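**Q** fold the following, please.
(one chain, ligands or ions: 2)
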Amino acid sequence: PETKLPKVGTTIFTVMSQLALEHRAVNLGQGFPDFAVPGRLVDELARAMAEGRNQYAPMTGIPALRQAIAAKSERCYGRKVDADAEVTVTSGASEAIFDAVHAVVRAGEEVIVLDPCYDCYEPAIELAGARAVHVPLDPVDFSVDWQRVKDAISPRTRMLMINSPHNPSGAMLSPDDMAALAGLLRGTGIVLLSDEVYEHIVFDGARHESVLRYPELAERAFVVSSFGKTYHCTGWKVGYVVAPPALSAEFRKVHQYNTFCTFAPAQFAFAAMIEHEPEHYEQLGAFYQAKRDRFRRQLLGTRLRPLPVPGGYFQLVDYSAVSDLPDTEFCRWLTIEKGVASIPLSPFYETPPAGQRLARLCFAKEEATLDAAISRLEAL
Ligand code: PMP
Ligand code: GLN
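**A** Numbers count the residues shown, from 1 in each chain. Ligands and ions are numbered 1, 2, ... in the order given. Got it, this is the predicted structure:
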């Protein structure tokens, strides 16, 4: 019999990290910072453990963290969020996405995703017995063609997933996008899932258009984020979802039997960080913008052509001046022969655009790491 996930192998992030290790390549593939987490976060975590916060957390998350998330949502996006009824802490954004899909999507229904999209979306949809309907983003600037999204809506459409700032391209939704999206969903029963894990990593004075800014959208949405991205600790796997009470109630039914609750000591640590060091997330855009700008200047000395990066911590490069290999082969070659690991874009698509020659480089790295990669890339 056919397996449940016939199209799924090992994720490209794992494959490329393993290849990087085997060939001692500088790993700019899988997205994770190679620098320390904020000192206070480590202290708060140690303190929580020492104080005995080591047993099950409340199923929905500790009150102090849910309140901190609610306060931050109001402060950043002007939305009053009920910490008890509308915030749930999860084991990473990945768990939040999985639970949200399983909470509302039934077998035989459809979920619209915008390609290229993050790799955990479609398996979650398929395990719910539903079907992912892929709508391509613009191949040049990764903008959304809302007419194409509208054309993809059918009576079976249960959910639409968006992601801004976008992985892998860094593209961000604009206020016009949000208006178009609201117009599209008005009068439908479609639930929105907004993946905002890079919400605080935005550049050049741009504003992150969180769904939480738009009451009409927020009323039908799961808004997902991840402390892994904001606090340089992707290995801790703590995230959360904000959703109206009825959606949160359904979400929690899945969450309570999936993981039940999330790593308790970290919840105390994040609550303290959000409350006492808001500068951390406020300054995250500037922190990464300096890395982005330096890395882009260095890339100009290579034959790779950097695309614009409005947000997130990934730099797309066009490698067509270097090679005509398809992207997965190019990225393998670059790792094995040239010692720099990257991520090809084709695994993010149902149907990759023909002839696309793009690779993703993560710049959430120490300057020394990026310098080491650049000196290898200059030799291409
Ligand atoms: N969505 C996007 C767009 C991501 O880049 C990631 C992290 N790779 C996730 C979700 C998952 O986040 P977490 O590690 O918190 O599960
Ligand atoms: N989100 C990370 C990325 O896009 C990878 C996370 C993972 O390895 N699953 O690189």
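**Q** Asp138 contacts Asp145, doesn't it?
**A** Yes. When contacts are counted by Cβ atoms under 8 Å, Asp138 is listed as touching Asp145 (6.7 Å). Placement of C-beta: from N, CA and C, glycine included.
**Q** quick check, Ser143 in a helix?
**A** No. Counting by DSSP: H, G, I helix; E, B strand; the rest coil, Ser143 is located in no helix; its state is coil.
**Q** who are the contact partners of it?
**A** Applying Cβ atoms under 8 Å, 6 or more residues apart in numbering, we find Ser143 in contact with Leu137, Ala171, Asp177.
**Q** quick check: it vs ligand 2, distance?
**A** 20 Å (Cβ to the nearest ligand atom, to the nearest Å).
**Q** tell me the contacts of the closest residue to ligand 1 within the chain?
**A** Nearest residue of the chain to ligand 1: Gly92, at 2.7 Å (Cβ to the nearest ligand atom). By Cβ under 8 Å, 6+ apart, Gly92 lies in contact with Ser226, Gly228, Lys237, Val238, Gly239.
**Q** next step: the residues you listed restricted to helices.
**A** The helices, defined by DSSP state H, take in Gly228 from the contacts of Gly92.
**Q** which among the contacts of Gly92 end up buried?
**A** Neighbour-count burial (16 or more other Cβ atoms under 10 Å) is assigned, among the contacts of Gly92, to Ser226, Gly228, Lys237, Val238, Gly239.
**Q** got the CA positions of stretch 279-294 in PDB?
**A** Taking C-alpha atoms only, stretch 279-294 is exported to PDB below (Å, rounded to 0.1, in the frame of the first residue of the first chain):
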ATOM      1  CA  GLU A 279      14.800  46.500  23.400                       C
ATOM      2  CA  HIS A 280      15.800  43.000  22.200                       C
ATOM      3  CA  TYR A 281      13.000  42.500  19.800                       C
ATOM      4  CA  GLU A 282      12.800  46.200  19.000                       C
ATOM      5  CA  GLN A 283      16.400  46.300  17.900                       C
ATOM      6  CA  LEU A 284      16.400  42.900  16.100                       C
ATOM      7  CA  GLY A 285      15.700  44.500  12.700                       C
ATOM      8  CA  ALA A 286      18.700  46.900  13.000                       C
ATOM      9  CA  PHE A 287      20.900  44.000  14.300                       C
ATOM     10  CA  TYR A 288      20.200  41.900  11.300                       C
ATOM     11  CA  GLN A 289      20.200  44.800   8.900                       C
ATOM     12  CA  ALA A 290      23.800  45.400   9.700                       C
ATOM     13  CA  LYS A 291      24.600  41.800   8.900                       C
ATOM     14  CA  ARG A 292      22.500  41.900   5.700                       C
ATOM     15  CA  ASP A 293      24.200  45.000   4.400                       C
ATOM     16  CA  ARG A 294      27.700  43.800   5.100                       C
END
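**Q** and that stretch, how far out from the chain's middle?
**A** Between the centre of stretch 279-294 and the centre of its chain there are 17 Å (Cα atoms, centre = their mean, to the nearest Å).
**Q** I'd like to know the beta-bridge partner residues of the closest residue to ligand 2 within the stretch 201-350 of the chain.
**A** Nearest to ligand 2, among the residues of the stretch 201-350 of the chain, is Ile343, at 6.3 Å (Cβ to the nearest ligand atom). Beta-bridge partners recorded for Ile343 (DSSP bridges): Arg360.
**Q** which ones are touching it?
**A** Ile12, Phe13, Met16, Gly29, Gln30, Pro168, Cys331, Ala359, Arg360, Cys362.
**Q** next one: Phe263
**A** If you count contacts by Cβ under 8 Å, 6+ apart, then Phe263 has Ala57, Ser91, Trp236, Lys237, Val238 around it.
**Q** let me see the contact set for the third one.
**A** Residues in contact with Trp236 (Cβ under 8 Å, 6+ apart) are Phe227, Gly228, Phe263, Ala266.
**Q** now, which of those sits nearest Thr157?
**A** Distance to Thr157, by Cβ to Cβ, is smallest for Gly228 among the contacts of Trp236, at 30.0 Å.
**Q** ok, how many other residues are close to Arg106?
**A** Residues contacting Arg106 under the criterion other Cβ atoms under 10 Å number 11.
**Q** before we move on, back to that, and the contacts of Trp236, which two are the farthest apart?
**A** So, the contacts of Trp236 by Cβ to Cβ: farthest apart are Gly228 and Phe263, at 11.8 Å.
**Q** who touches both of those two?
**A** In contact with both Gly228 and Phe263: Trp236, Lys237, Val238, using Cβ under 8 Å, 6+ apart.
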